[in-house]
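>>> following is a predicted model, sequence given first.
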Amino acid sequence: MARGLAQLRGVLGERGVLDPGAAAAGFVRDERGLLPARPAAVLRPRSTAEVAAALRVCAEHRIPVVPFAGGTGLVGGAIPLGDRTQVVLSVRALDRIREVDPADFSLTAEAGCVLTDVQRAAEEHGLAFPLRLASEGSARLGGAIATNAGGSNVLRYGMTRELVLGLEAVLPDGRIWHGLRRLRKDNTGYDLKQLLIGSEGTLGVVTAATVRLVPRARHHAVALLALPGLDAVTALLALAREVLADRLTALELFSRTGLDLLTRQLGARDPFARPHPRYLLVEATGTRDPVGLADQLREFLAEALERGLAADALPALDGPQARAFWALREGLPEAEKRAGGAVKHDVGVPLGALAEFVAAAEEQVARAFPGTVVNAFGHVGDGNVHFNVLGAGERAAEVSAAVYRLVAQWEGTVSAEHGIGVLKRDALAYTRDPLELELLRTVKQALDPLGIMNPGKLLP
């Protein structure tokens, strides 16, 4: 290890290699602050060429490498394991917007770019990069790609993998793959970029990406619905798709439990006159015709009320009110944190089964684990539920096992958007059969035969 670190200093310079200590503290923890460990060093390359040179040295000396971007992950995917046995490779210094091509509706940026900087670069040309995350002010493009991040716009624009046109990446042996293509259609065999998207740094280091841009939404129509119960969710999704069509951008579900957390922990105000079991936040966006957009939303609300799918509905009359409605949904993780934290489950099930799954899981957790409180919320438009359990204490592992068994029964996934990392590594077997896991290991062995890229993550 010592010889390898000395060689890395020769490649990256003294400033490019941080010893473990105070200066390296910002590169060894994720958003949840779990599993802290000290790396042997933190590498800070400033270019793709330096990333390649560093990986060549690491491959030569068999030094395990943990790629690190914004540190906003929730499953321990970008933190070192063990004490001084691995190096962290930060891509933060790779932070250039290389090109914006308005005619091609594309943007090329390096992996260390903060998502809000990517969004601003697109907006300067009247366009938008539609990946929207609660952590977008600190999350980096490379991390979003490595985890195939989702967010609040998945319903309309898809996951990160749907937004990536091309990649530049360094393989574990230091070779650079120049795949920054801007093609929408390329039917020439295996789509190699899709192997790297969502691979959580286990197959290489993404250094830059060309992403798809869309026309910037200039008008937003937002409403908050109070629901009589979970049974209305599936019908409301179908109605929203019918009435709002391709203008439908977000459908966010949360519960009375969540609203109570918000009022107690964050001082939020209940916007309705009386409590309701569930709430649904709806957003539609458009580039033109704000009157028509508002009319469509009113039509949706009127029919939802008439059919008894909603007990009450509040359209946002202006920007501040719309932001206040969104603040309720986006404040739920912070409210949980202030209440003492929760056992988090970022699960996904088929759309038609979402309401049934949530009801069954809430009932089973309440019966099997008295004293716990379920806070279920999420992106109902894409089947993603953050099924979080407060008050589990030492029963956390048992709670998670019970939830994941139910997810498997509904043919779902143990991670809809946060990834696997180390915290969910053993849970992967609940929803992936042995052959799938064998194939994943085959891919890993083919691209990383030395096993130096982010070991101990993703694959059980």
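Received the coordinates, thanks. Numbers count the residues shown, from 1 in each chain.
>>> which SS state does the residue nearest the centre of the chain fall under?
The residue lying closest to the centre of the chain (CA atoms, centre = their mean) is A149, at 3.3 Å. Counting by DSSP: H, G, I helix; E, B strand; the rest coil, the backbone at A149 sits in coil.
>>> list the contacts of the biggest helix by length in the chain.
In the chain, taking DSSP state H as the definition, the longest helix is helix 290-306. Here helix 290-306 makes contact (CB atoms under 8 Å, 6 or more residues apart in numbering) with 218-219, 221, 223, 225, 236, 239-240, 243-244, 247, 282, 284-286, 310, 312-313, 315. The C-beta positions use only the backbone N, C-alpha and C, and glycine is treated the same way.
>>> and if you look at stretch 449-460?
Outside stretch 449-460, the residues that reach it (CB under 8 Å, 6+ apart) are 58-59, 62-67, 76-78, 81, 86, 172, 199-205, 419-422, 425-426, 428-429, 437, 440-441, 444.
>>> now swap in stretch 30-40 and tell me
Residues outside stretch 30-40 that contact it (CB under 8 Å, 6+ apart): 1, 5, 20, 24, 27-29, 63, 66, 71-88, 135, 422-423.
>>> which of those residues are buried?
5, 20, 24, 27-29, 63, 66, 71-81, 86-88, 135, 422-423 (16 or more other CB atoms under 10 Å).
>>> so of these, which ones are in helices?
Using DSSP H, the members of the buried ones among the contacts of stretch 30-40 that fall in helices are L5.
>>> my read: L55 touches I176, true?
No: taking contacts as CB atoms under 8 Å, L55 lies outside contact range of I176: 9.6 Å.
>>> which neighbours do those two share?
Both L55 and I176 are contacted by V170, under the criterion CB under 8 Å, 6+ apart.
>>> of those two, who's got more company?
Applying other CB atoms under 10 Å to L55 and I176 shows that L55 carries more neighbours, namely 26 against 16.
>>> spatially nearest residue to the more buried one, not counting backbone neighbours?
Of all residues not flanking L55 in the chain, G174 sits nearest, at 4.4 Å (CB to CB, 6 or more residues apart in numbering).
>>> V114 reaches A139, doesn't it?
Yes: V114 is within contact range of A139, at 7.1 Å (criterion: CB under 8 Å).
>>> more neighbours: the two, which one.
Comparing V114 with A139 by other CB under 10 Å, the one with more neighbours is A139, at 24 against 19.
>>> please, which helix or strand holds E99?
strand 97-101 (DSSP states H and E).
>>> show me what secondary structure element comes after that strand.
Following strand 97-101 toward the C-terminus (DSSP H and E): strand 106-110.
>>> still on that earlier bit, buried subset of the contacts of stretch 449-460?
For these, buried by 16+ other CB under 10 Å: 58-59, 63-67, 76-78, 81, 86, 172, 199-205, 419-422, 425, 428, 440, 444.
>>> from those residues, which land in strands?
Those of the buried ones among the contacts of stretch 449-460 mapping onto strands are 65-67, 205, per DSSP state E.
>>> with distance to L406 and pLDDT added, can I get the residues you listed in CSV?
Formatted as CSV, those follow (distance: CB to CB, whole Å; pLDDT from 0 to 100):
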residue, distance to L406, pLDDT
V65, 36, 98
V66, 32, 97
P67, 33, 98
V205, 36, 99
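>>> among these, which two are most distant?
Using CB to CB, these span at most 10.3 Å, a distance reached by V66 and V205.
>>> any residues in contact with both of those two?
With CB under 8 Å, 6+ apart as the test, V66 and V205 both reach L89.
>>> just give the closest residue to the residue nearest to the centre of the chain, not the sequence neighbours.
Using CB to CB, 6+ apart, the nearest residue to A149 is T160, at 4.9 Å.
>>> let me see the contact set for the one you found.
For T160, the contacting residues are 131, 144-145, 147-150, 197-198, by CB under 8 Å, 6+ apart.
>>> least confident of the residues you listed?
Among the contacts of T160, G150 carries the lowest pLDDT, at 90.
>>> which residue is the nearest non-sequential neighbour of it?
In space, G150 is closest to E417, 3.3 Å off (CB to CB, 6+ apart).
>>> enumerate every residue touching that neighbour.
147-151, 154, 159, 346, 348, 384.
>>> how about 7 Å then?
149-150, 346, 384 (CB atoms under 7 Å, 6 or more residues apart in numbering).
>>> centre of the chain to stretch 345-364, how far?
19 Å (CA atoms, centre = their mean, to the nearest Å).
>>> and it, end to end?
With CA to CA, to the nearest Å applied, stretch 345-364 spans 15 Å between its terminal residues.
>>> which stretches in the stretch 151-300 of the chain count as strands?
164-170, 176-179, 205-212, 214-215, 219-227, 248-255, 278-286 (DSSP state E, counting those that start in this stretch).
>>> figure out which of these is closest to I97.
Among those, strand 205-212 sits nearest to I97 (CB to CB), with 10.2 Å.
>>> how far does the closest one sit from its chain's centre?
16 Å.
>>> got a list of what V91 touches?
Counting by CB under 7 Å, 6+ apart, V91 touches 67, 69, 111-112, 140, 142, 205, 207.
>>> now with 10 Å?
By CB atoms under 10 Å, 6 or more residues apart in numbering, V91 lies in contact with 43-46, 48, 51, 67-70, 110-113, 140-143, 146, 201, 205-208.
>>> circling back: make a markdown table out of the strands of the stretch 151-300 of the chain and add distance to V11.
Compiled in a markdown table, the strands of the stretch 151-300 of the chain are given as follows (distance: least, CB to CB, whole Å):
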| stretch | distance to V11 |
| --- | --- |
| strand 164-170 | 13 |
| strand 176-179 | 15 |
| strand 205-212 | 15 |
| strand 214-215 | 40 |
| strand 219-227 | 48 |
| strand 248-255 | 45 |
| strand 278-286 | 47 |
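>>> which one of those strands lies closest to N187?
Proximity to N187, assessed across the strands of the stretch 151-300 of the chain by CB to CB, is greatest for strand 164-170 (14.6 Å).
>>> now the angle from the closest one to strand 205-212?
Strand 164-170 and strand 205-212 are oriented at 160 degrees to each other (axes from the mean of the first three to the mean of the last three CA atoms, to 10 degrees).
>>> tell me what strand 164-170 is packed against?
helix 48-61, strand 106-110, helix 141-147, strand 176-179, helix 192-196, strand 205-212 (3 or more CB pairs under 10 Å, 6 or more residues apart in numbering; DSSP states H and E).
>>> and R132, its phi and psi?
phi -120, psi 120 (degrees, to the nearest 10).
>>> meant to ask about G174
As for G174, its main-chain torsions (degrees, to the nearest 10) stand at phi 100, psi 0.
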